[in-house]
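Chemist: 3D model of this:
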Amino acid sequence: MSKPVFRVRPVAIALSALALGCGLSAGPALAQSGFTSAYTDLRLDTDCLVLDADDFGASWSCPGYKGYPVRVSEGDLRFTIAYGYNIDKEPPSQGFGPFNNLGEKMEWRLSNALGRWMPVATIVRYHLADPETGENSEQVLVVTQLVEGNTCHIAYVDARANSNANELARAAADKAGDFDCANDTVAKPGKFAAW
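Modeler: Presented below is the predicted three-dimensional model:
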């Protein structure tokens, strides 16, 4: 009696290898996107180390995802965030005209493109003050691309005008990598009424 012969199509083998190589067994959401999120605290008073402070402003070193360097600076009641192992070689930090402060959590978008989770972007909530009253009136989710030598804001999402603001910000973050900080225009997905 002869043994049965099983034939596996090459396409099925290739798809199985691709799924295993991309880490797609981690669950349905990851299987579809190849991205996930991690969170770090951004409470300047308790989680960050003061690097410099005077009457005109301050700067802090804050804990990033698995040690990824984060530097927060404040001057004239306006905050900026810089990232990377060569922070001083990155494009200038970007900020906003209105007085502002930062949310207490930083969302890191991670990609598994190289077989391990690596940060490709961050999402931070900025609270912007009304120029006339000084009261916080707007909230903008700022999406920052993390590419050495090309780290910058790539999208602004109005958190009050869009009920799906977090999803819009994550979708923008998942496009990080191809944005040219010197020439491309920051995207504003969804409705935008913040300024």
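Chemist: The chain: helices as residue ranges?
Modeler: 10-21, 28-33, 44-47, 165-173 (DSSP state H).
Chemist: Compare the mean pLDDT across the ones you listed and name the weakest.
Modeler: Mean pLDDT is lowest for helix 10-21 out of the helices of the chain, coming in at a mean of 36.
Chemist: quick one, what contacts Trp195?
Modeler: 97-98, 128, 138 (Cβ atoms under 8 Å, 6 or more residues apart in numbering). Where you see a C-beta, it was placed from the backbone N, CA and C, and this is true even at glycine.
Chemist: what's around Asn86, how many residues?
Modeler: Using other Cβ atoms under 10 Å, Asn86 has 11 other residues around it.
Chemist: same deal with the one 10 residues further on?
Modeler: Per other Cβ under 10 Å, the neighbour tally for Phe96 reads 18.
Chemist: how near is the spatially most central residue of the chain to Lys105?
Modeler: Residue closest to the average C-alpha location in the chain (Cα atoms, centre = their mean): Thr122, at 1.4 Å. According to Cβ to Cβ, to the nearest Å, Thr122 and Lys105 sit 10 Å apart.
Chemist: So in this structure, where's the weakest helix or strand by average pLDDT?
Modeler: In the chain, no helix or strand scores lower on mean pLDDT, DSSP states H and E than helix 10-21, which sits at a mean of 36.
Chemist: Contacts only, for the nearest residue to Thr36 once chain neighbours are set aside.
Modeler: Residue nearest to Thr36 in three dimensions, not counting chain neighbours: Leu110, with 5.3 Å by Cβ to Cβ, 6 or more residues apart in numbering. Contacts here follow Cβ under 8 Å, 6+ apart; on that basis Leu110 touches 35-38, 65, 117-120.
Chemist: repeat that for 10 Å
Modeler: The contact partners of Leu110, taken as Cβ atoms under 10 Å, 6 or more residues apart in numbering, are 30, 34-38, 65-66, 116-121, 173.
Chemist: which of the residues you listed has the weakest pLDDT?
Modeler: Where pLDDT dips furthest among those: Leu30, at 40.
Chemist: before we move on, back to that, overlap in contacts, Thr122 and Lys105.
Modeler: Residues touching both Thr122 and Lys105 (Cβ under 10 Å, 6+ apart) are 40, 42.
Chemist: which intervals of the chain have sub-threshold pLDDT?
Modeler: 1-33 (pLDDT under 70).
Chemist: ok, now with 50
Modeler: Low-confidence segments of the chain, defined by pLDDT under 50, span residues 1-32.
Chemist: So for Phe56, what's the nearest residue that isn't a sequence neighbour?
Modeler: Gly75 (6.2 Å).
Chemist: Hmm, that neighbour is touching Phe99, no?
Modeler: No. Contact criterion Cβ atoms under 10 Å: Gly75 and Phe99 do not qualify, at 11.0 Å.
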